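Q: When you get a sec, could you give me coordinates for this:
(chains A and B)
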Amino acid sequence: MIMLLEIKEMDKLVAAKITEHEANLNNAEQFKEEIFALIDNGHLRIIISFEKVNYVDSSFLGAMVSCLKHALSKGGDIYLADLQKDIYSLLVLIRMDKVFKIYKTEEEGASSI
Amino acid sequence: MTEPASKKILLVDDSPFMLSVMAKAFEKEGFTAIKAASAAEALKILEKEQPDIILSDYEMPGVNGFALRRSLLKDPATKDIPFAFLTSHKDNDLIMKGLDELLAVDFINKETPLPVIISKLDNLVATVRQKQALSVEELRKAAEAINVKSIPAKRPDVKGFEIDFWHLPYQGHPGGDFIDFIRVSERYIFVVLGDVMGKKWTAWFFTFSFLSYIRAAVRFCVVAEEYDPALILQKINQVICHDEVLKDILAGLSLLLIDEETGKVAYAGAGDLPLLYYKAGNGSLTSIKTSGLLLGLFSEVMYDARILEMEEGDRLLIFSDGIIDYTEGDVHKSDYDLFKKNVAPFLKMNNSFTAIRTYLQKQLAGSRQADDCSIISVLKK
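A: Numbers count the residues shown, from 1 in each chain, chains lettered A, B, ... in the order given. Prediction:
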C-alpha cells in the first residue's frame, strides 16, 4: 500500500507530511492508522504538515482528533503546520486552534517544540 | 434531493484498442468510462474513484484479473464494488473459481457482442442501486417508527418568528447533518442544527444517538427549569464523552433557544460555524461566535451562550460546513467569508430565504457539492 504520510524523524519529534491534495473521507482511515502506528512505536510528538493539502473535510478532522486523543492518552501531542490560509481559517472558526497547537511552518514548530 | 450520480464503469484491459472501443461504447450508453491499462493502474485509480462497476480482462501481463480481484477484496473501500471478468477462456473450473471464490458478479466471454455486455452491466448497476434505495427506505422506516428523524418534515410554528430550513444530502445519501425543533412549552422552543463528523451511512447512524441525547438533555434541563443552551451543551457533551460507542465520534452543534414571550434568542455552539446575524435596521451582517468545542472532544469543556435581542426584520442563519464548501475546477475549498459575502445581498430582499435557497441550489448543483448541506433561518417578525 502507498503511504499517505512522508515521515521525517527529527530531534524531539517526527514530522509527517500528508502527500495528497485532499484530506477527506477516502484517506482519513489510512491517516489514522499511520499516525496510530507512529504513536504506538513510541513517537509521541508528531507535527503534521498540510503543505500539499487544499481541502480538509469533516471525516478527516474527526480522524485528526482521534489521533490527538490517542497521543494525549500516552503523554504525547500532535501539532499542525503549513496550513493553507482557508484551512487555517476554518479550523479557527470551529475552534480547533484551541485543540491543536498550530505552527506556521514545520521548521517553526520543530524549533519551538 | 440530488440526481443520482451518472453511472461510472472502470474498464481494465491491457489492449489499448479494446479499452478505447469499450469506453466509447459505454459512454454512448450514458456511462462515464475510466480506462486502466493494467491492474496496477486500476488500483491507483481506485484510490480516488468509486465506480459503480468494474469490468476487467482476465489475462493481462504482470498482474492478471484474478490477482487484481484478490487485492480489491482485501480493501474495504473496493471490496463491494461489483466486479465482472472479461475473458476468452471457456474453462468452466476457472469460471467457477472466479464466481464462487472471488465473488465476481459475472464472467463475460470476449466474443459476446458489446451491446449485450453493456446491457448486462447496465441492468446490474440498476439492480444494485435499486437494492440500495430499498435498504435506505427500510432504515428510514425503522428510524421513523422510533420517532427519530434527522431532518424534520415541516417548519415549526413559532409566535413572532418565521423559521425556515433547507437540507441537501451529499450525493443523495443521508449523512451526518441533523435538524430538530424541540417545543418544550408554550413559551419556549429549541432549534438544533448538528453535524456528526463523517459522511453518508456511518455519520447518519450516529445522528440518531446524538439526537436522542440532545432531546434528553433538553428535557432534563427544562424539568429543572434551566433554560440555558450552554448548560445543555455541557450536559450533552459529558454524556457523549462517557458513551463507549460515541466516544470517538465528534459533532458540531448549534443550539438556539427561542423565548416567544420576550422575543429573545439564546445561542450556544459546540465547534460549529459562527452564526450569521443580519440586522434589518442598519443592514449589517455579523458573525456571532461562541467558544465551545466540538461535542465528544473532552468531557470538561465549558460552553458559553449569547443572548440576541432581535428586532423586526432581523434574521439569523445557522448552517453546517457543507454550505461553505465549493469546488473550483477539481479542487475542493471551504470559505466562510466568501459565503458571508455572497449571501449578504439576499438578506435585504423580501423573500430572502427563497433567494438564499435558490442561490445555494445553483451553487451546489452536481459535482460542486462536497458534503451534506444544511441551513436554518430564524426571522423576527
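
Q: use CA for all of it now, contacts and neighbours both
A: Fine.

Q: How is chain B partitioned into domains?
A: B:7-143, B:152-380 (automatic domain parsing).

Q: Quick one: closest of these to residue A:8.
A: Distance to residue A:8, taken as C-alpha to C-alpha, is lowest for domain B:7-143 among the domains of chain B, at 24.0 Å.

Q: Now the residue of chain A found nearest chain B: which helix or strand?
A: When distances are taken as C-alpha to the nearest C-alpha, chain A reaches nearest to chain B at residue A:59, 4.0 Å away. Using DSSP states H and E, residue A:59 maps to helix A:58-73.

Q: for that helix, packing partners?
A: If you count contacts as 3 or more C-alpha pairs under 8 Å, 6 or more residues apart in numbering or on different chains; DSSP states H and E, helix A:58-73 packs onto helix A:25-40, strand A:77-81.

Q: and those, which one's lowest on average pLDDT?
A: Lowest mean pLDDT within these: helix A:25-40, at a mean of 92.

Q: on that earlier part again, what's the most buried one of the helices and strands packed on helix A:58-73?
A: The highest mean neighbour count among the helices and strands packed on helix A:58-73, using mean count of other C-alpha atoms under 10 Å in any protein chain shown, belongs to strand A:77-81: a mean of 23.

Q: close to chain B, is that strand?
A: No. Residues of strand A:77-81 contacting chain B under C-alpha under 8 Å from any C-alpha of the partner chain: none, with a closest distance of 14.6 Å.

Q: Export that strand to PDB, keeping only CA atoms.
A: Written as PDB, here are the backbone C-alpha positions of strand A:77-81 (Å, rounded to 0.1, in the frame of the first residue of the first chain):
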ATOM      1  CA  ASP A  77       0.900  15.600  21.400                       C
ATOM      2  CA  ILE A  78       0.000  16.300  17.800                       C
ATOM      3  CA  TYR A  79       0.900  19.700  16.200                       C
ATOM      4  CA  LEU A  80      -0.200  21.100  12.900                       C
ATOM      5  CA  ALA A  81       1.800  23.100  10.400                       C
END
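
Q: Adjacent strands (with direction) for that strand?
A: strand A:45-49 (parallel), strand A:101-103 (parallel) (DSSP bridges).

Q: sec struct for residue B:255, please.
A: Assigned with DSSP: H, G, I helix; E, B strand; the rest coil, residue B:255 falls in the strand class.

Q: before we move on, the earlier item: could the domains of chain B be laid out in a markdown table, adding mean pLDDT, distance to chain A and mean neighbour count?
A: Compiled in a markdown table, these are given as follows (pLDDT from 0 to 100; distance: least, C-alpha to the nearest C-alpha, whole Å; neighbours: other C-alpha atoms under 10 Å in any protein chain shown):
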| stretch | mean pLDDT | distance to chain A | mean neighbour count |
| --- | --- | --- | --- |
| domain B:7-143 | 86 | 7 | 16 |
| domain B:152-380 | 89 | 4 | 19 |
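
Q: Determine which of those approaches residue A:46 most closely.
A: That would be, of these and by C-alpha to C-alpha, domain B:152-380, which comes in at 19.2 Å.

Q: Quote the end-to-end distance of that closest one.
A: End-to-end span of domain B:152-380 (C-alpha to C-alpha, to the nearest Å): 21 Å.

Q: Give me the distance between the residue minimising distance to the centre of chain A and residue A:74.
A: Central residue of chain A (C-alpha atoms, centre = their mean): residue A:48, 3.3 Å from the mean position. Residue A:48 sits at a distance of 18 Å from residue A:74 (criterion: C-alpha to C-alpha).

Q: next one: residue B:358
A: With C-alpha to C-alpha as the criterion, residue B:358 and residue A:74 are 49 Å apart.

Q: secondary structure element for residue B:26?
A: helix B:16-28.

Q: Quick one: the domains of chain B as JSON lines, columns for distance to residue A:84 too.
A: Converted to JSON lines, the domains of chain B look like this (distance: least, C-alpha to C-alpha, whole Å):
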{"stretch": "domain B:7-143", "distance to residue A:84": "22"}
{"stretch": "domain B:152-380", "distance to residue A:84": "11"}
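
Q: for the closest residue to residue B:323 other than its chain neighbours, what are its contacts?
A: Counting by C-alpha to C-alpha, 6 or more residues apart in numbering or on different chains, residue B:323 lies nearest to residue B:373, which is 5.1 Å off, once chain neighbours are set aside. Residues in contact with residue B:373, defined by C-alpha atoms under 8 Å, 6 or more residues apart in numbering or on different chains, are B:167-170, B:177, B:319-323.

Q: about what we covered before: tell me what the helix holding residue B:26 is packed against?
A: Contact here means 3+ C-alpha pairs under 8 Å, 6+ apart; on that basis helix B:16-28 packs against strand B:8-12, strand B:32-36, helix B:114-145.

Q: roughly how far out does stretch B:276-287 sit from the chain middle?
A: Distance of stretch B:276-287 from its chain centroid, counting by C-alpha atoms, centre = their mean, to the nearest Å, is 29 Å.

Q: how far does that stretch stretch from start to finish?
A: End-to-end span of stretch B:276-287 (C-alpha to C-alpha): 5 Å.

Q: Same question for stretch B:339-355.
A: Start-to-end, stretch B:339-355 (C-alpha to C-alpha) is 14 Å.

Q: now swap in stretch B:37-55 and tell me
A: 12 Å.

Q: quick one: contacts of that stretch?
A: By C-alpha under 8 Å, 6+ apart, the residues outside stretch B:37-55 that reach it are A:26, B:7-16, B:19, B:35-36, B:60, B:63-65, B:68, B:72, B:78, B:81-86, B:121, B:125.

Q: Please enumerate the helices of chain B.
A: Secondary structure of chain B (DSSP state H): helices at B:16-28, B:39-46, B:65-74, B:92-96, B:114-145, B:200-223, B:229-242, B:336-347, B:352-364.

Q: okay, the angle between the second one and strand B:8-12?
A: Translated: helix B:39-46. Between the axes of helix B:39-46 and strand B:8-12, defined by axes from the mean of the first three to the mean of the last three C-alpha atoms, to 10 degrees, the angle is 160 degrees.

Q: Same question for the longest one.
A: For helix B:114-145 against strand B:8-12, the angle between stretch directions is 130 degrees (the same axes, to 10 degrees).
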